[in-house]
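**Q** Got a predicted structure plus its sequence, pasted below:
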Amino acid sequence: MQTVFSSVLPDMPAAAVIWLVLLAVAATVVAALIVRPSRFRSELVERISDAARPSSIERAERTRVRDRERIRYADEMAVAASRATATAERSRAGWLSAQEEAEVAWQAYQAAEEDVRRLTAAAALPLPRTAKTPAEYADRERWLHRAAMDAQWRDEITVRQLSDILGGNGWDPSRHPVEQELLLRRLVRDNLAARHRAATQREQAAWQAAERAAAAAQSLRDEAFAALHPVAEPQTELSIVGFAGPEATRELPTAAGVETTRELTPVARGRAAVVA
């Protein structure tokens, strides 16, 4: 025991001095935290924020990767937009062709309607009397057959309708030629009216297809432009929650919003909004 006390007691003053120094340092830190707590908290948050943020090399590499991906995506969208534009042009050409067909069908129907009105007025007058002989009936039948074949040659009636006329199915060849012509022109008018309705429906379908194609092409062009000219987004705000309280929330510098004005290729606006 004497040996132990003799080896420990000489070091006690030095140990006491060390402990006193440590206590003084701790008391100084506590006092500083009590007097000016915000300064130390901000420095601590600054160090943690710097450690959490990526380095400049990492940021540059991420930026290069994002730029390559954006350019690649923009190229793909540009190719798709070019193809969609070609499709829109073909759709517009098809719509114009269908519009012309509908106009031709309308004019043909109008001409047939005018013939029906003219023949209706003529049929209202007293018909000339002719001898009811077999020769007269044969002439009337030949006239009806010839007029029906001419109408079918002009594609005004169908082959089935021509067969009905030649076979006497619902047609009386003994009637007066004025009456027969009126009935034939009414049949032609009804056929042309049905063709005009069908042409109008095709024109409407072609117009809607051209509208959809133009909208798709415009959307792809917008997508390609947005890929090449992205709008800068604000950086994420870093908060140290629970450690230093709301006061220690540090707002990182944010990029100002960039407003980009797009000037696109003018689009021809008719009934179908398709790229000219």
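**A** On my side now, so go ahead. All values derive from a computational prediction rather than experimental measurement. Numbering: from 1, shown residues only.

**Q** Please enumerate the helices of the chain.
**A** Using DSSP state H, the helices of the chain run over residues 2-8, 12-35, 37-52, 56-123, 134-153, 159-167, 177-228.

**Q** got those helices as TSV, with mean pLDDT and mean neighbour count columns?
**A** From N, CA and C alone the C-beta is placed, and that goes for glycine too. What follows is the helices of the chain, written out as TSV (pLDDT from 0 to 100; neighbours: other C-beta atoms under 10 Å):
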stretch	mean pLDDT	mean neighbour count
helix 2-8	54	8
helix 12-35	73	10
helix 37-52	60	12
helix 56-123	88	15
helix 134-153	87	14
helix 159-167	88	15
helix 177-228	91	18
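
**Q** Kindly format the C-alpha coordinates of stretch 67-74 as PDB.
**A** Output of stretch 67-74 as PDB, limited to C-alpha atoms (Å, rounded to 0.1, in the frame of the first residue of the first chain):
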ATOM      1  CA  ASP A  67     -27.700  17.400 -70.700                       C
ATOM      2  CA  ARG A  68     -26.900  14.300 -72.700                       C
ATOM      3  CA  GLU A  69     -30.200  12.600 -71.800                       C
ATOM      4  CA  ARG A  70     -32.100  15.800 -72.600                       C
ATOM      5  CA  ILE A  71     -30.500  16.200 -76.000                       C
ATOM      6  CA  ARG A  72     -31.100  12.500 -76.800                       C
ATOM      7  CA  TYR A  73     -34.700  12.800 -75.800                       C
ATOM      8  CA  ALA A  74     -35.100  16.100 -77.800                       C
END
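
**Q** what does that stretch rub up against?
**A** Stretch 67-74 is contacted by residues 224, 227-228, 230 when judged by C-beta atoms under 8 Å, 6 or more residues apart in numbering.

**Q** ok, of the residues you listed, which one's closest to residue 172?
**A** Proximity of the contacts of stretch 67-74 to residue 172 (C-beta to C-beta) peaks at residue 224, which lies at 69.6 Å.

**Q** show me the contacts for the closest one.
**A** If a contact means C-beta under 8 Å, 6+ apart, then residue 224 has 74, 77-78, 81 as its contacts.

**Q** Equivalent analysis for residue 105, please.
**A** Per C-beta under 8 Å, 6+ apart, neighbours of residue 105: 192, 195-196, 199-200.

**Q** Distance-wise, check residue 197 relative to residue 190.
**A** Going from residue 197 to residue 190 by C-beta to C-beta, to the nearest Å gives 11 Å.

**Q** whoops, residue 89 was the one
**A** Separation of residue 89 from residue 190 (C-beta to C-beta) stands at 37 Å.

**Q** Residue 178 too?
**A** Distance of residue 178 to residue 190, given as C-beta to C-beta: 19 Å.

**Q** now do residue 73
**A** Residue 73 is 57 Å from residue 190, by C-beta to C-beta.

**Q** What's the local residue count around residue 174?
**A** 14 (other C-beta atoms under 10 Å).

**Q** ok, it touching residue 138?
**A** No. In this structure, residue 174 is not within contact of residue 138 by C-beta atoms under 8 Å, at 9.8 Å.

**Q** So what's the residue count around residue 125?
**A** 8.

**Q** mind checking pLDDT for it?
**A** On the pLDDT scale, residue 125 is placed at 74.

**Q** One more: residue 237?
**A** In this prediction residue 237 is given a pLDDT of 43.

**Q** cool, and the one 5 residues further on?
**A** For residue 242, the pLDDT comes out at 38.

**Q** and the closest residue to residue 149 other than its chain neighbours, what is it in contact with?
**A** Here the nearest residue to residue 149 in space, its sequence neighbours aside, is residue 162; by C-beta to C-beta, 6 or more residues apart in numbering that works out to 6.7 Å. Residues counted as contacts of residue 162 (C-beta under 8 Å, 6+ apart) are 148-149, 151-152.

**Q** hmm, which two among those are most spread apart?
**A** Farthest apart among the contacts of residue 162 by C-beta to C-beta are 149 and 151. That separation is 7.3 Å.

**Q** ok, now which ones touch residue 135?
**A** Residue 135 sits next to no residue when contact means C-beta under 8 Å, 6+ apart.

**Q** What separation is there between it and residue 210?
**A** According to C-beta to C-beta, residue 135 and residue 210 sit 60 Å apart.

**Q** what does residue 75 give?
**A** Counting by C-beta to C-beta, the gap from residue 75 to residue 210 is 27 Å.
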